[in-house]
Each structure stands twice: as structure tokens, then as C-alpha cells.
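**Student:** build me a model from this:
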Amino acid sequence: MHANLGKQRENWNTLLLNSVNMITLTAATMAGAAAIGGAGMPLLALKLSSTLLYSAATGMLLVMNKIQPSQLAEEQRNATRLFKQIQTQIQTMMALGTPSKEDVKGVVEKVLAVDKAYPLPLLGAMLEKFPAKFEPCVWWPSNQQLQKTNKSSEGKQRGQKKNGWSEEMEVEMREIIEVVKRKDIEDYERLGNLVLKTNKVLAIAGPLLTGVAAVGSAFVGNGSWTAIVAVAAGALGSAVTAFEHGGQIGMVFEMYRNCAGFFRLLQESIEATLEERDLEKRENGELFEMNVALKLGRSLSNLRQLARKSASSRMDGTTIDEFASKLF
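**Tutor:** Numbers count the residues shown, from 1 in each chain. Next up, the predicted model:
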């Protein structure tokens, strides 16, 4: 269902964009023709047609900018990918053995969390397209990664590995978290806020310009300036709409939300694992380290080198010159 709606809403973006631009350009042509030599009933017909077309384009733009079809399509693409991941996890769980009630409960929570993060309906459940502040997308249960610290458990043995963990590996993971927070998350939040502000300006400018053009076209023939306003505002409105929806600014915003959420999940996963003091209850350290490296697109040696570079830069009071991820 998510995959089907993703294709549908991608078609919405293309069809609505083409329709609005064709309507706007046709109205601008009619307004220009009325200003050239119309008189009597022909002038009235051209003025009325141009005004109605501009008004229709304004109404369609208001709806289009409210729902952001390109962003809706990206939401459903992300939901499809995440549900496929859950499907793979279930198949792996069943292949390894008989799932327990806790396993079933955990899977249900994941499904509900993804469904909440990427809702299907437009009315009532649709995500806010123009939030006051950029926030990373959260598609995992709030209690999934949180683990209670077992204060009564035995401490780790210095210099020795237990369940694949060592003191050096814990220091390495903490340095990776610092790089993710200071570079990757911070950069995507900066870019996300920039795209959000740009989208807000374009979403207001498009309908405003076509609305001004509609008013100008209604008074064509009463002065040369009215025709200029009608034609110029319509052309600018068409250009703004093409840039906003043709450039899929909403999709770019959703992509940044998804990337920031990916790094937030990675950060929470590492922090929750390190908070568990009983090493036997943690995921195997060597496998966990490999998993982190794969998620960041790095080899194990490259990941350790990044941790050393981060520690060195913090001691020197400088900023590390590279991001944690080599994928995004």
C-alpha cells in the first residue's frame, strides 16, 4: 500500500505541476492578448477567461503547497523501505528459532512506530509540511533502544575483552557518537532548516503572484500597467511553481529529515548499548562495531582511525575535518 501510494503521489506532483503551469501561462497569454487590441465583448471574454484561469491556478497552488506531493511521495518511499527491513528482520528471527512473545511485541511496536512516522491518509494524520523548526524523523519505538543500567552487575575487566567488548572499544564508540553529533546531525539540521525556510517562501510567493495576476487581469484595458502586472505576475508565478515543485523542494526536506533520523537512531543505539553495564547483556562488541562501520560506510580500520582523529582534535581544541558517514 505504501509503495502504491508513493507512485500515486509522485504522479500527483507531475500532473499538478504541469496543469498549474499550463493554466498560468494560458491566462498570461490571454491577458496579453486582451491588452493588445481587444474591445467590447472580445475584451470582456479574454479578461474573464484570464481571471478565472488565474483564480483556478491560485486555488490549485494553495492545495498543492499545503500537501506537498513530492514530500508525500518521499514519505511513502521511506515507509516502504522500512517495512521491507522489518519483513527481513521477521524472516531472520523465524529462521533462527521460535520467536518469543517479547519478539512479537517488539515487532508490533516497530510496525506501529513506522506507521505513525509515515501515515497513509492525508486528512487528520498528515504530517506538518511547514513545522516551526526542523526535527529529524523518528520511525522507531521510543523504548526500543533504551535499556536500564544494571548497577549491581560486575564491572568490566580492564584490558580484557568480555563478550567482544573492551575499554578501548567503548572509548571508540563514544568518539564516534561525538563525531556524529558535531558533524553529521548538525550539518543535516542546518541544511534542513535552510530548505524549510526556502520552501515556506516559495509556497507563499507562488499563490500570491497568481492572485495578483488574477486581480490585474480583471482590470486589463483600464491602463497599460494592469496588463504588465497580469502578465509579469503570472510568468513569475509559473517560474516559482516550477522551481518549488519541479525541483521537489518538499522531497529534499523529507530526505534531510530521514538522514538526520538515521544518525539520531545510530546515536541512541550506541548510547543505549554503552549504558548497559552488564557486558553479557549487550550485543557482541565485535559484531556491534562492524554493524556501526557498515552503517557509516567505513571499514573497521577506517572507523578506528576516525575515533582516534576525533579524540586528538578534542584534545587540541580543534574541529574534526570529516564527517562520520561516507554514505550520505
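**Student:** mean confidence score for the helix or strand hosting Glu109?
**Tutor:** Taking DSSP states H and E as the criterion, Glu109 maps to helix 101-117. Averaging pLDDT along helix 101-117 yields 91.
**Student:** repeat for stretch 298-305
**Tutor:** For stretch 298-305, mean pLDDT rounds to 91.
**Student:** now do it: distance to the chain's middle.
**Tutor:** Taking Cα atoms, centre = their mean, to the nearest Å, one finds stretch 298-305 lying 28 Å from the centre of the chain it belongs to.
**Student:** re the thing from before, which other helices and strands contact whichever helix or strand comes after the helix holding Glu109?
**Tutor:** Later in the chain than helix 101-117, the nearest helix or strand by DSSP H and E is helix 167-179. Judged by 3 or more Cβ pairs under 8 Å, 6 or more residues apart in numbering; DSSP states H and E, the packing partners of helix 167-179 are helix 249-275, helix 285-295, helix 300-316. To be clear about C-beta, it is placed using only N, CA and C from the backbone, and glycine gets the same treatment.
**Student:** thinking again about what came up before, going by neighbour count, list what's buried in the helix holding Glu109.
**Tutor:** Buried positions in helix 101-117, judged by neighbour count with 16 or more other Cβ atoms under 10 Å: Gly106, Val107, Lys110, Ala113, Val114, Asp115, Ala117.
**Student:** now it - C-alpha only, CSV.
**Tutor:** The C-alpha coordinates for helix 101-117 follow below in CSV (Å, rounded to 0.1, in the frame of the first residue of the first chain):
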residue,chain,number,x,y,z
LYS,A,101,6.2,-13.1,23.0
GLU,A,102,8.7,-10.4,23.5
ASP,A,103,9.9,-10.7,19.9
VAL,A,104,6.3,-10.4,18.7
LYS,A,105,5.7,-7.4,20.9
GLY,A,106,8.8,-5.7,19.7
VAL,A,107,7.9,-6.2,16.0
VAL,A,108,4.4,-4.9,16.6
GLU,A,109,5.9,-1.7,18.2
LYS,A,110,8.2,-1.2,15.2
VAL,A,111,5.3,-1.6,12.8
LEU,A,112,3.2,0.9,14.7
ALA,A,113,6.1,3.3,15.0
VAL,A,114,6.7,3.3,11.2
ASP,A,115,3.0,3.7,10.6
LYS,A,116,2.9,6.7,12.9
ALA,A,117,6.0,8.3,11.3
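**Student:** next, the angle from that helix to helix 249-275.
**Tutor:** Helix 101-117 and helix 249-275 are oriented at 150 degrees to each other (axes from the mean of the first three to the mean of the last three Cα atoms, to 10 degrees).
**Student:** off-centre distance for stretch 57-67?
**Tutor:** 21 Å.
**Student:** show me the contact partners of it.
**Tutor:** 16-17, 19-20, 23-24, 27, 122, 126, 129, 203, 206-207, 210-211, 214, 237, 241, 244-245 (Cβ atoms under 8 Å, 6 or more residues apart in numbering).
**Student:** and that stretch, what's buried?
**Tutor:** By neighbour count on 16+ other Cβ under 10 Å, the buried set for stretch 57-67 is Ala57, Thr58, Met60, Leu61, Met64, Asn65, Ile67.
**Student:** so which of these is the closest to Ala227?
**Tutor:** Nearest to Ala227 out of these is Ala57 (Cβ to Cβ; 17.8 Å).
**Student:** from Leu208, how far out is that closest one?
**Tutor:** Per Cβ to Cβ, to the nearest Å, Ala57 is found 12 Å from Leu208.
**Student:** check Phe219 too.
**Tutor:** Phe219 is 18 Å from Leu208, by Cβ to Cβ.
**Student:** nearest residue to Ile249 other than its sequence neighbours?
**Tutor:** Nearest non-adjacent residue to Ile249, counting by Cβ to Cβ, 6 or more residues apart in numbering: Asn199, 4.6 Å away.
**Student:** tell me which element the one you found is part of?
**Tutor:** helix 186-218.
**Student:** from the contact counts, what lies against that helix?
**Tutor:** The elements that helix 186-218 packs onto, with contact taken as 3+ Cβ pairs under 8 Å, 6+ apart, are helix 2-37, helix 41-67, helix 224-241, helix 249-275.
**Student:** quick one, the first one and helix 224-241 angle?
**Tutor:** In other words, helix 2-37. Interaxial angle, helix 2-37 versus helix 224-241 (the same axes, to 10 degrees): 160 degrees.
**Student:** the chain should start at 33 in everything you say after this.
**Tutor:** Yes, from this point I'll number from 33; that puts the last item at helix 34-69.
**Student:** which ones are touching Phe162?
**Tutor:** Phe162 touches Leu228, Asn231, Lys232, Ala235, counting by Cβ under 8 Å, 6+ apart.
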